[in-house]
Each structure stands twice: as C-alpha cells, then as structure tokens.
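>>> here is my input; please provide its structure:
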Amino acid sequence: MKAKKVKGLDPETPLADNARRIVQTRLDEVHRFTPRALDPRRVEELHDMRIAAKRLRYVLEVTAHCFGPYADTARKRTKELQDVIGEIHDCDVLAPRVDALLSELRSADAQAILQRAGGADDLEPRLATRGPNATRYRGLQALAAWLQARRALLHDRFLELWSRWGRDAVKARLEYALEEHPAVS
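So this is what the prediction gives:
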C-alpha cells in the first residue's frame, strides 16, 4: 500500500504544524480500510490497514511530545492494533505455504504409487498407505488446522481491539489533541 501524500508541509513552519498534518493523514489512512478490513476474508485490506497503522505509530513515536499525553496513548493503542494484525498476517502468509507443501507431498506420493502399481489396469487401495510421505501429512495437516484456528482467534482479538478503538474514540481524541496543543518546535 502506497502512503498517501501529505499536503501542505512546509519546512519553514514549526514541527508541530507539519506533524499535525502528517498524523491526521496517517490516522485517516488507518480508518480508510473499514469496514472492509473487518471482514476476515479481506486479507489484503487487513494487511494494508496494518501498514497504515505502522506508519501512524512511527510518526507518533517521533511527534507525540507535540500533542500532549493522549498522543502517546494513541501510539500505544496503534501498536496493539498493528501487532495483532501482524500476527494475523503471519498466519495468512504461512497457511498457503503449508498447503503448497502438502500438495507437493501428495503429488510425489501419487507418482510413487503409480510406479509401484507397475503396468496395472487399476490401483489397489492398499498402495495409498505406501506413499513415501504418508506419515508427513498428519503434522502438516495439524499445522494447517492450527493456523486456521489461530487466525480466527487473532481476528476476533482484532475485532475487539477495533471495537474498543471506536468506543474509546481514539480517532476523535487524537484529533482533539492535535488541534488543542499549541505548536512546539
């Protein structure tokens, strides 16, 4: 996801004035992905929200001092959000790799079974148990199931965090902090 260009930056103005624009732009980016990112099937949008949250967190890490104590609270909340989405993304990246490995093993076993059958007109069912990778499937299938369950659990945690983000009015309170604190160089 490409970062939105921040308009109106001026190197001659105080840090807080430019930081205010940057933080507001990054905050809007995080919110731009709702409600799509709340759907567990929308993997790309959720990942893009994570990138947006990372950008917001980083700008808050260097500019929170300009906006009072709530800006640091918003930074912490943004980090929580970014962390859980990052863990979801790890599941999203690993699951297809596990599935691909399972597919490779099945293909290798199919070839081995076919070779063992020789020139038979049909395959004996007992040959299925004689694939060279038969014992490896169980571990990979268990890992695939674990990844699926962990992703569901983490997505529920993300939804709880996002709901709390809304209940606690993180966006509104941060926007208030951006406007209320005088410019500090």
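>>> going forward, measure contacts and count neighbours with C-alpha atoms only.
Will do.
>>> which regions of this structure sit below the pLDDT cut-off?
Within the chain, the ranges that satisfy pLDDT under 70 run 181-185.
>>> need the longest helix for it.
Longest helix in the chain, counting residues (DSSP state H): helix 69-117.
>>> tell me what that helix is packed against?
Counting contacts by 3 or more CA pairs under 8 Å, 6 or more residues apart in numbering; DSSP states H and E, helix 69-117 is packed against helix 43-63, helix 136-167, helix 170-180.
>>> which stretch among the ones you listed comes nearest residue 118?
Closest to residue 118 of the helices and strands packed on helix 69-117 is helix 136-167 (CA to CA; 24.3 Å).
>>> in the closest one, which residues are buried?
Neighbour counts over helix 136-167 (16 or more other CA atoms under 10 Å) mark 143-144, 147-148, 151, 154-155, 157-159, 161-162, 165 as buried.
>>> which one of those residues is nearest to residue 26?
Closest approach to residue 26 among the buried residues of helix 136-167 (CA to CA): residue 165, at 15.5 Å.
>>> quick one: that closest one from residue 31, how far?
11 Å (CA to CA, to the nearest Å).
>>> residues near the nearest residue to residue 109 once chain neighbours are set aside, how many?
Closest residue to residue 109 apart from its sequence neighbours, by CA to CA, 6 or more residues apart in numbering: residue 131 at 4.7 Å. Counted with other CA atoms under 10 Å, residues neighbouring residue 131 total 19.
>>> what do you get for residue 91?
Count around residue 91 with other CA under 10 Å applied: 21.
>>> contacts only, for it.
147, 148, 150, 151 (CA atoms under 8 Å, 6 or more residues apart in numbering).
>>> ok, the second one - contacts?
I take that to be residue 148. The neighbours of residue 148, taking CA under 8 Å, 6+ apart as the test, are 91, 95.
>>> then the first one?
Counting by CA under 8 Å, 6+ apart, residue 147 touches 91, 94, 95.
>>> over to the last one?
Contacts here follow CA under 8 Å, 6+ apart; on that basis residue 151 touches 88, 91, 92.
>>> swap the cut-off to 7 Å and go again
Applying CA atoms under 7 Å, 6 or more residues apart in numbering, we find residue 151 in contact with 88, 91.
>>> what's the burial count for residue 47?
20.
>>> name the nearest residue to it, ignoring sequence neighbours.
Closest residue to residue 47 apart from its sequence neighbours, by CA to CA, 6+ apart: residue 89 at 6.5 Å.
>>> sorry, back to before: got the angle between the longest helix of the chain and helix 43-63?
Orientation of helix 69-117 against helix 43-63 (axes from the mean of the first three to the mean of the last three CA atoms, to 10 degrees) gives an angle of 140 degrees.
>>> switch the helices and strands packed on helix 69-117 over to CSV; also include distance to residue 75.
Listed next are these as CSV, based on distance: least, CA to CA, whole Å:
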stretch, distance to residue 75
helix 43-63, 5
helix 136-167, 12
helix 170-180, 10
